[in-house]
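1. Here you go, sequence then predicted model.
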Amino acid sequence: MKRTKLKVKNLSSSYSVIIGRNILSQISNQIKILCPGAEKVALIVDKNVPNKFKIKLKKYLKKYTVYTFEYSVNEKFKSFINVNKLVENCLANNFNRNDVLISLGGGILGDYSAFAASIIKRGINFINIPTTLLAQVDSSIGGKTGVNSMLGKNLIGTFYQPKVVISDVEILKSLPKRELVCGYAEVLKHSLILNTNFFNWLKNNSKHLLVNTDLNFLKKAIIESCKIKIHFVNKDVYEKNIRMILNFGHTFAHAIEAQNNYSKRINHGEAVIMGMMMAAKLSYIKKLCSLKTLNQLKQIYSINNLKYDIKKYFKKNEYNKIANYMCADKKNNDRKINFILLKKIGLTTQPNMCKISSTELKKVFNKII
Ligand SMILES: NC(=O)c1ccc[n+]([C@@H]2O[C@H](COP(=O)([O-])OP(=O)(O)OC[C@H]3O[C@@H](n4cnc5c(N)ncnc54)[C@H](O)[C@@H]3O)[C@@H](O)[C@H]2O)c1
């Protein structure tokens, strides 16, 4: 399978996203070129990544002194306290800015490791090897790092770019179906916000991604998805404006995750699935999109059996709490909630154009769930 190299290039950074199969061997050359002074590597690994990839990676890193940190992850793991432990450990082992921190894991481990890398001695080299579909299509690109706070999701963090992202599609073979669906949520989001042709392709080919997973189809979906993410990140790296479009569905999703106390009952991608449908219904109520558009979305959800009914997870008295969490979202810049809503497949509203008070949201909440 051919390797594809996409370039993230904006005023503050420039790095490659390399996508292909069996490409872990790339790591040695990439470190040699991008981090020439490196002597030590902190290898942060997710316990659920199959051992053969960890062994391979260590083989390719044999020139360096490798310190391995292996973790079982969940949203509660993504905390300031845990980052501090890793930071102290790297400092105790005399890591300096020439050295490298590598994340081999999904979005949780990537956000956590990148945040640690960004604050160790004000920033050491960071390389991301994403191992979930969600991380390959979304979280590994764009430089958002961070951990959760008691007050909400991803509220503590930095913008810090990796030196390179190496996405090996082969690693996704061991991914549980539930996690594949979560990554698919972000793939679908990318098509919804920018690319009707990609949405139509997904409508016809999702079975090759989710049912009989075919790595060639998966690779195409990853490449198309990454191109869309890169399109927004390149225009607005610090999320001052246009990049906020990538948050379609996420204002709801983050509040759902907070109300769910970040438990495994609903994971990030599942919350995004719920959040995108809620945002689409709100778009329809606000007369921003047609019933046809809403039905196109419902159809692709139904073909792929995507579950969006939040009534199954929350009691009625929790809806107000979800709305309250939404008021704390980072994208709000005044007391109103800042939504990205859908105009049609492939097109959303612009950032800061749809602000809704929590009172108004609470009034329509029953209609959008
Ligand atoms: N930084 C960003 O821009 C950004 C964007 C989107 C999401 N995120 C964050 O990403 C996180 C979600 O990421 P995720 O969905 O990858 O979750 P995750 O990191 O929890 O991974 C999902 C599960 O898959 C397991 N796993 C990982 N790789 C595996 C493999 N190859 N084989 C088998 N199991 C494997 C993990 O152990 C975990 O149980 C959330 O915290 C979210 O906030 C960040």
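-> Sure thing, it's come through.
2. can you list the domains in the chain?
-> Taking automatic domain parsing as the criterion, the chain consists of the domains 4-174, 177-368.
3. for those, which one sits closest to the ligand?
-> Closest approach to the ligand among these (C-beta to the nearest ligand atom): domain 4-174, 2.2 Å. Bear in mind the C-beta positions are built from the backbone N, C-alpha and C, glycine included.
4. Next one: the closest one, is it in contact with the ligand?
-> Yes: Domain 4-174 lies in contact with the ligand when judged by C-beta under 6 Å from any ligand atom; the contacting residues are 46, 48-49, 73, 75, 78, 105-109, 111, 131-132, 134-135, 138-139, 142, 144, 154, 171, 174.
5. quick one on the thing from earlier: export the domains of the chain to CSV and tack on mean neighbour count and mean pLDDT?
-> Conversion of the domains of the chain to CSV gives the following (neighbours: other C-beta atoms under 10 Å; pLDDT from 0 to 100):
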stretch, mean neighbour count, mean pLDDT
domain 4-174, 19, 97
domain 177-368, 19, 94
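6. what about the residue nearest to residue 301 when sequence neighbours are not counted, distance to residue 148?
-> With C-beta to C-beta, 6 or more residues apart in numbering as the criterion, residue 301 has its nearest non-adjacent residue at 6.2 Å, and that residue is residue 308. Residue 308 sits 23 Å away from residue 148, taking C-beta to C-beta, to the nearest Å as the criterion.
7. So which of the residues of domain 4-174 next to the ligand are in strands?
-> When DSSP state E is applied, the residues of domain 4-174 next to the ligand are split such that 46, 105, 154 fall in strands.
8. for the first one, what are its contacts?
-> Contacts were defined as C-beta atoms under 8 Å, 6 or more residues apart in numbering; by that measure residue 46 touches 70-73, 104-106, 108-109, 131.
9. for residue 70, helix, strand, or coil?
-> On the three-state scheme (DSSP: H, G, I helix; E, B strand; the rest coil), residue 70 is labelled strand.
10. Would you check that residue 279 makes contact with residue 245?
-> No: if you go by C-beta atoms under 8 Å, residue 279 and residue 245 don't touch, sitting 11.6 Å apart.
11. list the residues that contact both of the two?
-> Taking C-beta under 8 Å, 6+ apart as the contact rule, residue 279 and residue 245 both touch residue 340.
12. who are the neighbours in contact with the most centrally placed residue in the chain?
-> Computing the C-alpha centroid of the chain and ranking residues by C-alpha atoms, centre = their mean puts residue 139 first, at 3.1 Å. Residue 139 makes contact with 106-107, 110-111, 130, according to C-beta under 8 Å, 6+ apart.
13. Mind picking the two most distant members of those residues?
-> 111 and 130 (10.9 Å; C-beta to C-beta).
14. Could you list the contact residues of the stretch 151-300 of the chain toward the ligand?
-> Of all the residues in the stretch 151-300 of the chain, those in contact range of the ligand (C-beta under 6 Å from any ligand atom) are 154, 171, 174-175, 179, 182, 268-269.
15. of all those residues, which comes closest to residue 188?
-> Distance from residue 188 was checked for each of those by C-beta to C-beta. The minimum falls on residue 269, at 10.1 Å.
16. Find the nearest non-adjacent residue to the closest one, please.
-> The spatially closest residue to residue 269, leaving aside those adjacent along the chain, is residue 182, at 2.1 Å (C-beta to C-beta, 6+ apart).
17. Would it be right to say that that neighbour lies in a strand?
-> No: with three-state DSSP as the criterion, residue 182 is helix rather than part of a strand.
18. Now for it: which residues touch it?
-> Contacts for residue 182 were tallied using C-beta under 8 Å, 6+ apart; they are 132-134, 267-270, 272-273.
19. how about 7 Å then?
-> 134, 267-270 (C-beta atoms under 7 Å, 6 or more residues apart in numbering).
20. out of those, who's nearest residue 36?
-> Top of the list for closeness to residue 36, among the contacts of residue 182 and by C-beta to C-beta, is residue 134 at 31.9 Å.
21. Surely the closest one touches residue 184?
-> No: the pair formed by residue 134 and residue 184 falls short of the contact definition of C-beta atoms under 7 Å, at 8.7 Å.
22. of the contacts of residue 139, closest to residue 301?
-> The shortest approach to residue 301 among the contacts of residue 139 belongs to residue 107, at 21.9 Å (C-beta to C-beta).
23. Helices of the chain, residue ranges please.
-> Under the criterion DSSP state H, helices of the chain are mapped to 26-34, 51-60, 80-92, 107-119, 133-134, 177-194, 196-210, 215-235, 250-259, 268-285, 291-303, 319-327, 358-368.
24. which residues touch the last one?
-> Residues lying outside helix 358-368 but in contact with it, judged by C-beta under 7 Å, 6+ apart, are 278, 281-282, 285, 319-320, 323-324, 326-327, 337.
25. so how far is residue 190 from the residue sitting furthest away from the middle of the chain?
-> Here the centre of the chain is the reference, and by C-alpha atoms, centre = their mean the most remote residue is residue 63, at 31.4 Å. For residue 63, the distance to residue 190 under the criterion C-beta to C-beta works out to 37 Å.
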